[in-house]
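Engineer: Need the 3D shape of this:
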Amino acid sequence: MKTRDELPECPVATTVQLIGNKWKLLIIRNLLQRPWRFNELQRSLDGISQKVLTDSLRSMEQDGIVTRTVYAEVPPRVEYALSELGKSMRPILDSMQAWGEAYKIRIRSEQNGFHDGTMEDGGANPPAER
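Structural biologist: Just a heads-up that it's a prediction; the model follows:
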């Protein structure tokens, strides 16, 4: 885990520092479903390189977000799962999913000429300028 001195003053900046890239967010999304093996994760994340996945998992493990369990089998099996701290990010990803769905609906309706300037999720978007 990072020390207090390594973290930004701003809580939003802290969150972004810990999970603020595309791959980390998508890894967390998958791990919210269940534990995954490395190769499963890599296959499920179209375009991620082995190095980026390895670096992301190591970083999140060091930050206490992901756990790595090695099973003494032949061949050895390793699974990655979210720690309790990682699981506490569910509301963040749920909100991102809801906002993304509302955004897609808004874009589709604007492309079809039907939009009133508000988001369908009840306020995820600021009101249009007057």
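
Engineer: so how far is residue 95 from the residue nearest the centre of the chain?
Structural biologist: The structure's the chain has its C-alpha centroid closest to residue 25; by Cα atoms, centre = their mean the separation is 2.0 Å. The spacing between residue 25 and residue 95, counted by Cβ to Cβ, to the nearest Å, is 12 Å. Glycine gets a C-beta too; all of them are placed from N, C-alpha and C.

Engineer: what do you get for residue 26?
Structural biologist: Separation of residue 26 from residue 95 (Cβ to Cβ): 16 Å.

Engineer: What of residue 55?
Structural biologist: Here the criterion is Cβ to Cβ. By it, residue 55 lies 26 Å from residue 95.

Engineer: How about residue 68?
Structural biologist: When Cβ to Cβ is the yardstick, residue 68 and residue 95 sit 27 Å from each other.

Engineer: Name the residues that touch stretch 49-63?
Structural biologist: Contact partners of stretch 49-63, identified using Cβ atoms under 8 Å, 6 or more residues apart in numbering, comprise 1-2, 18-19, 21, 23-24, 27-28, 38, 41-42, 45, 66-68, 80, 86.

Engineer: make it 10 Å
Structural biologist: 1-2, 17-19, 21-28, 31, 36, 38-39, 41-42, 45, 48, 65-68, 78, 80, 82-83, 85-86 (Cβ atoms under 10 Å, 6 or more residues apart in numbering).

Engineer: For PyMOL, write a command that selects the buried ones of those residues.
Structural biologist: Under the burial definition 16 or more other Cβ atoms under 10 Å, those of the contacts of stretch 49-63 that qualify are selected in PyMOL by:
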select buried, resi 18+19+23+24+26+27+28+31+36+38+41+42+45+48+65+66+67+80+82+86
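
Engineer: No further questions, thank you.
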